[in-house]
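Chemist: Next input, structure requested:
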Amino acid sequence: MNRRDILKFAATGIGAQLAFPNLLNAQSSYQPDRFSGQTIRVLWPLDYLALDAPVKFFDEFTQKTGIKVEVTRVPFLTIKPRILAANTNSKVEFDLFAYIAPWKTEFYEKNSIADLGPMFKDPTIADPTYDFDDLIPGYVVNSGLAGGRKGYLDGPQAKLVGIPRGMETSILAYKKDIFVKNNLAAPVSYTELKSLIKALHAKAKVPPMTQRLMAGHHCVYSWLLHFNPMGGSFFDDRWNATFNQAPGVESLDFLKLVADTGVPQIQQFGFKENQDEFITGKSAMYLDSSSIISALNSPEYASIKDNIAYALHPRGSRYASAVAGFACGISPKSENQQAAFIFLQWLTNKEQDVNFTRLGVQSNRRSTLANQKLASEIPYLEVLRKQLVMGNPDWRPMIPQWDTINVNYMGKAIPKVLNNLATSQNALNDCALSVNDLMRQWGYQT
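Modeler: Numbers count the residues shown, from 1 in each chain. Down below sits the predicted model:
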């Protein structure tokens with residue numbers, strides 16, 4: 001989605017509510033200091049490295065506005081039930097919270113997240129310097145819109161319920177020394193990548209690539225990484241399962257190749273184990289979340305990161321990369337909603353995006369990626385800038401029932417193939433039959 005696209009949908013959908021922050025400049029009466037003394041309660045992940053850096057700046061926000069920030073940090077998977085539980089309480093526990101993008105639809109349908117559109121139209125709390133249009137459009141669509149096409153994309157009925165902070169794409173990282181020693185170049189296509197995996201396994205005698213292949217949502221995430229570039233679509237326009245067609249089979253066959261040539265314990269790898277294997281292990285390549293950049297910026301890896309190079313996610317039948325990660329929303333029952341909105345704008349503004357990027361956090365703004373001075377300090381920004389053009393906001397379904405499909409069906413079908421209990425085609429065919437039954441039960445198919 002380019003600038004023209006987002007402005008077009010803005011004019012008919014979300015933009016009609018926002019009137020875009022930039023348009024408020026002439027009549028702004030922005031007064032954040034009138035909330036001085038208020039305390040906002042923030043629910044924040046403790047187990048996602050890219051969201052550690054922002055917390056270091058929270059005191060600066062208090063010094064600037066007088067608004068106090070009380071932070072509760074928890075494992076990110078516990079955030080969803082705590083926010084949904086607020087529906088049964090007269091008072092909410094938190095004013096603002098971080099959430100992973102797929103949860104937005106359920107939060108919206110269950111009235112657990114506020115519509116930010118009216119807040120952006122209020123000149124007393126809408127920061128005239130915010131520049132909403134500078135946010136990476138694919139990140140906004142993926143993490144912040146609900147009620148539009150499919151219930152979670154852009155469109156006339158779309159509402160803005162969140163702002164990206166902690167979003168990521170997929171990227172290829174590789175060990176320079178292994179590639180130099182074996183006279184190799186970064187693969188541009190999946191054809192080249194498959195050949196490279198086989199060559200490294202046979203000749204260099206090193207594990208070619210690591211991947212998160214633990215049963216459940218981890219292995220499904222990895223399959224989706226390849227499914228999108230292969231040209232796949234999980235459902236058709238009538239919500240019929242189509243993931244068992246050629247792109248899905250080819251993607252699962254690719255995962256099988258990675259598993260067969262990887263380290264013996266690769267099927268126990270989740271998010272952290274996968275990153276650790278690449279950073280400290282011998283695996284030559286990593287094709288997964290760009291959050292690897294945040295991990296490599298940790299002081300403990302100072303001697304390692306200079307040996308890491310980055311390249312674009314290889315092309316299948318098309319270029320496509322993941323769009324995933326975290327956004328921030330506000331409780332509709334918050335008694336300090338306006339102060340929370342001021343904090344949300346500060347947390348995601350241009351200045352903070354640059355500050356966080358310098359600490360290894362992934363940029364959520366286009367101006368940061370286009371900043372030439374910053375690019376001279378951080379060479380990988382240019383790769384990310386190019387990669388995000390290929391990001392697919394609809395790279396996985398984001399319906400409220402996705403967790404069930406993800407963990408209980410796809411997350412069980414994929415390990416059958418990795419463990420030689422079924423062929424890719426048979427495993428996906430069986431899974432598609434079950435998923436279609438569910439989609440009928442849930443009312444998606446008629």
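Chemist: Now do the buried residues in stretch 201-211.
Modeler: For stretch 201-211, a neighbour-count test (16 or more other CB atoms under 10 Å) marks His201, Ala204, Val206, Pro207, Pro208, Met209, Thr210, Gln211 as buried. For glycine as for every other residue, the C-beta is placed from the backbone atoms N, C-alpha and C.
Chemist: same thing with stretch 137-151?
Modeler: 137-149, 151.
Chemist: circling back: including pLDDT, could the buried residues of stretch 201-211 go into TSV?
Modeler: Converted to TSV, the buried residues of stretch 201-211 look like this (pLDDT from 0 to 100):
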residue	pLDDT
His201	95
Ala204	89
Val206	92
Pro207	96
Pro208	98
Met209	98
Thr210	98
Gln211	98
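Chemist: Hmm, Asn111 and Gly147 touching each other?
Modeler: No. In this structure, Gly147 is not within contact of Asn111 by CB atoms under 8 Å, at 11.9 Å.
Chemist: Residue ranges in this structure under the pLDDT threshold?
Modeler: Confidence mapping of the chain against pLDDT under 70 gives the ranges 1-28.
Chemist: Do a quick rundown of the strands in it.
Modeler: When secondary structure is read from DSSP state E, the chain shows strands at 39-45, 68-74, 96-100, 145-146, 159-160, 163-175, 209-210, 285-289, 308-311, 323-330.
Chemist: tell me which strands and helices the fifth one is in contact with?
Modeler: Pointing back at strand 159-160 there. Judged by 3 or more CB pairs under 8 Å, 6 or more residues apart in numbering; DSSP states H and E, strand 159-160 is in contact with helix 14-18, helix 117-121, strand 145-146.
Chemist: who touches stretch 438-446?
Modeler: Phe235, Arg238, Trp239, Asn240, Ala241, Ile399, Gln401, Thr404, Ile405, Tyr409, Asn436 (CB atoms under 8 Å, 6 or more residues apart in numbering).
Chemist: how does it look with 7 Å?
Modeler: Arg238, Trp239, Asn240, Gln401, Ile405, Asn436 (CB atoms under 7 Å, 6 or more residues apart in numbering).
Chemist: Drop anything exposed from the residues you listed.
Modeler: The neighbour-count criterion (16+ other CB under 10 Å) marks Trp239, Gln401, Ile405, Asn436 among the contacts of stretch 438-446 as buried.
Chemist: residues touching Leu184, list them.
Modeler: Counting by CB under 7 Å, 6+ apart, Leu184 has contacts Leu196.
Chemist: do the same with Val407
Modeler: Gly216, His217.
Chemist: in terms of contact, does Gly155 touch Gly148 like I think?
Modeler: Yes. Gly155 is within contact range of Gly148, at 3.3 Å (criterion: CB atoms under 7 Å).
Chemist: Apart from its neighbours in sequence, what residue is nearest Asp430?
Modeler: Of all residues beyond its chain neighbours, the one nearest Asp430 is Ala413 (6.9 Å), with distances taken as CB to CB, 6 or more residues apart in numbering.
Chemist: check contacts around the one you found.
Modeler: Ala427, Leu428, Asp430, Cys431.
Chemist: Give the bridge partners for the spatially most central residue of the chain, please.
Modeler: Compute the mean C-alpha point of the chain, and by CA atoms, centre = their mean the closest residue is Ala324, 1.5 Å away. For Ala324, the beta-bridge partners under DSSP bridges are Glu168.
Chemist: Tell me the spacing between it and Thr280.
Modeler: In this view, Ala324 and Thr280 are 24 Å apart by CB to CB, to the nearest Å.
Chemist: Tally up the residues packed near Ser317, please.
Modeler: 14 (other CB atoms under 10 Å).
Chemist: And it, how close does it get to His217?
Modeler: 25 Å.
Chemist: before we move on, what about Leu196?
Modeler: From Leu196 to His217 the distance is 27 Å (CB to CB).
Chemist: what do you get for Val161?
Modeler: Distance from Val161 to His217, counting by CB to CB: 23 Å.
Chemist: could you dump the top helix by length along the chain to PDB, C-alpha only?
Modeler: For the chain, the helix that runs over the most residues, judged by DSSP state H, is helix 424-441. C-alpha atoms of helix 424-441 as PDB (Å, rounded to 0.1, in the frame of the first residue of the first chain):
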ATOM      1  CA  SER A 424       2.700 -32.100   2.300                       C
ATOM      2  CA  GLN A 425      -0.300 -32.500   0.000                       C
ATOM      3  CA  ASN A 426      -2.100 -35.100   2.200                       C
ATOM      4  CA  ALA A 427      -1.500 -33.200   5.400                       C
ATOM      5  CA  LEU A 428      -2.800 -29.900   4.000                       C
ATOM      6  CA  ASN A 429      -5.800 -31.600   2.300                       C
ATOM      7  CA  ASP A 430      -6.900 -33.100   5.600                       C
ATOM      8  CA  CYS A 431      -6.300 -29.800   7.400                       C
ATOM      9  CA  ALA A 432      -8.300 -27.900   4.800                       C
ATOM     10  CA  LEU A 433     -11.300 -30.200   5.200                       C
ATOM     11  CA  SER A 434     -11.300 -29.600   9.000                       C
ATOM     12  CA  VAL A 435     -10.800 -25.800   8.600                       C
ATOM     13  CA  ASN A 436     -13.700 -25.600   6.100                       C
ATOM     14  CA  ASP A 437     -15.900 -27.400   8.600                       C
ATOM     15  CA  LEU A 438     -15.000 -24.800  11.200                       C
ATOM     16  CA  MET A 439     -15.600 -21.900   8.900                       C
ATOM     17  CA  ARG A 440     -19.100 -23.200   8.200                       C
ATOM     18  CA  GLN A 441     -19.700 -23.600  12.000                       C
END
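Chemist: If you count neighbours, what's buried in it?
Modeler: Using 16+ other CB under 10 Å as the test for burial, helix 424-441 gives Ser424, Gln425, Ala427, Leu428, Asn429, Cys431, Ala432, Ser434, Val435, Asn436, Leu438, Met439.
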